[in-house]
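Participant: Got a sequence here, can you model it:
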Amino acid sequence: MYWLGIDIGSISTDMVLIDACGNVLEELYLRTGGEPVKVVREGLSALGEKYASNYVQGVGITGSGRNLGAAVAGADVVKNEITSHARAVAETDSDIRTVIEIGGQDSKIILMENGLVKDFAMNTVCAAGTGSFLDRQAGRMGITIEDLSDMAYEAADYVPIAGRCAVFAESDIIHKQQTGASESALMAGLCRALAATYLSNVAKGKKIEPGICFQGGVASNKGMRKAFEELLQQPIIVPEHHKVMGALGAALLAKDKKQAKTNFKGFETGRLELRTEETECRGCSNTCRVINIRTENEIYGCFGDICGRYSG
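Facilitator: Take a look at the predicted model:
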């Protein structure tokens with residue numbers, strides 16, 4: 001028996017398949033690339049090459065594209081990112097009190113108590129507090145994000161970077177380059193700037209307690225982990241499945257539901273040619289913009305309506 005979790009974000013679409021003991025059997029980290037329907041299909045198709053649909057007992061979906069994902073794959077549980085990440089953390093380590101999560105386009109902090117969410121905050125406004133801040137600067141300097149990670153981690157010192165604004169940070173980096181700063185010190189300064197911006201913005205007013213977990217795609221960056229440890233003077237835990245914790249939490253939430261029959265439409269969905277079209281419902285004054293997911297001959301799923309007239 002398996003449970004599937006899907007996390008659809010603006011940068012990545014993640015899928016996790018777990019067994020009855022909650023062990024991760026498969027994890028996929030796919031680039032969304034502005035085509036979430038296509039990427040969900042690709043992920044389902046890849047899993048369908050190894051697993052049979054009839055063994056899937058439940059599906060949980062999270063992320064900014066969760067409603068679209070539910071229409072494509074069929075879902076038993078649809079939850080927000082905070083709930084899903086917290087569920088995965090509680091399963092991974094019940095002693096975690098603070099969750100630092102930084103993705104490509106957003107970041108969040110989750111405060112936990114006895115495995116439950118006590119408080120949280122999110123940043124979806126400025127790139128300076130997200131992974132795209134590092135990606136942009138690495139690309140501008142002609143190095144990979146992996147090289148940036150190694151250089152920042154191994155640097156003996158760092159160059160202070162004005163990191164509260166992504167635009168000003170780039171100007172500051174150019175200025176520091178012109179004064180002869182080394183690339184490794186600049187990369188360490190970038191990581192330090194992102195960590196400091198996160199703490200002064202996303203975590204502002206929050207009490208960061210010991211038992212700190214760092215997750216999201218940016219947690220793969222050793223320089224970022226080092227920067228947080230230096231600023232917080234605390235050890236940082238990076239879970240084994242840190243890149244797909246949202247999908248893992250969604251799978252666990254589906255497993256928690258313990259329903260008799262799943263709404264999963266099957267891995268075979270990956271082989272269908274699906275497209276989206278938008279219509280306006282005039283059934284009431286809401287005039288919802290309904291998104292239809294359809295094959296050539298029929299509507300496969302819908303989302304976007306407030307009352308559930310179509311999606312229900």
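
Participant: Roughly how far does Trp138 sit from Lys226?
Facilitator: Just so we're on the same page, residue 138 is Ala rather than Trp. Remark: distance between Ala138 and Lys226 (Cβ to Cβ, to the nearest Å) = 17 Å. The way it works is simple: take the backbone N, C-alpha and C, and place the C-beta from them, glycine included.

Participant: make that Val238, sorry
Facilitator: Separation of Val238 from Lys226 (Cβ to Cβ): 11 Å.

Participant: Kindly indicate whether Phe214 is helix, strand or coil.
Facilitator: Taking DSSP: H, G, I helix; E, B strand; the rest coil as the rule, one finds Phe214 in the strand state.

Participant: I meant Lys255, not that one.
Facilitator: helix.

Participant: which residues does the nearest residue to it once chain neighbours are set aside contact?
Facilitator: By the measure of Cβ to Cβ, 6 or more residues apart in numbering, the closest residue to Lys255 outside its immediate chain neighbours is Trp3, 4.4 Å from it. Trp3 makes contact with 17-18, 56-60, 251-252, 254-255, according to Cβ atoms under 8 Å, 6 or more residues apart in numbering.

Participant: go with 7 Å
Facilitator: Counting by Cβ atoms under 7 Å, 6 or more residues apart in numbering, Trp3 makes contact with 18, 57-58, 251, 254-255.

Participant: Those into TSV, with extra columns for pLDDT, neighbour count and distance to Leu194?
Facilitator: Putting the contacts of Trp3 into TSV (pLDDT from 0 to 100; neighbours: other Cβ atoms under 10 Å; distance: Cβ to Cβ, whole Å) gives the following:
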residue	pLDDT	neighbour count	distance to Leu194
Ile18	97	23	31
Gln57	96	20	40
Gly58	96	25	37
Ala251	97	35	29
Ala254	97	28	33
Lys255	96	25	34
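
Participant: Quick check: of the residues you listed, which lies closest to Ser107?
Facilitator: Nearest to Ser107 among the contacts of Trp3 is Ala251, at 22.8 Å by Cβ to Cβ.

Participant: Assign the closest residue to that closest one other than its chain neighbours to helix, strand or coil.
Facilitator: Nearest non-adjacent residue to Ala251, counting by Cβ to Cβ, 6+ apart: Gly5, 2.9 Å away. Of the three states, Gly5 takes strand according to three-state DSSP.

Participant: confidence score at the residue nearest to Lys255?
Facilitator: At Trp3, the predicted lDDT confidence score is 97.

Participant: now it: how far from Gly22?
Facilitator: Separation of Trp3 from Gly22 (Cβ to Cβ): 9 Å.

Participant: What of Val218?
Facilitator: From Val218 across to Gly22, the span is 25 Å (Cβ to Cβ).

Participant: Asp7: neighbour count?
Facilitator: 32 (other Cβ atoms under 10 Å).

Participant: And it, how far from Lys118?
Facilitator: Using Cβ to Cβ, Asp7 is found at 22 Å from Lys118.

Participant: do Gly104 as well
Facilitator: 26 Å.
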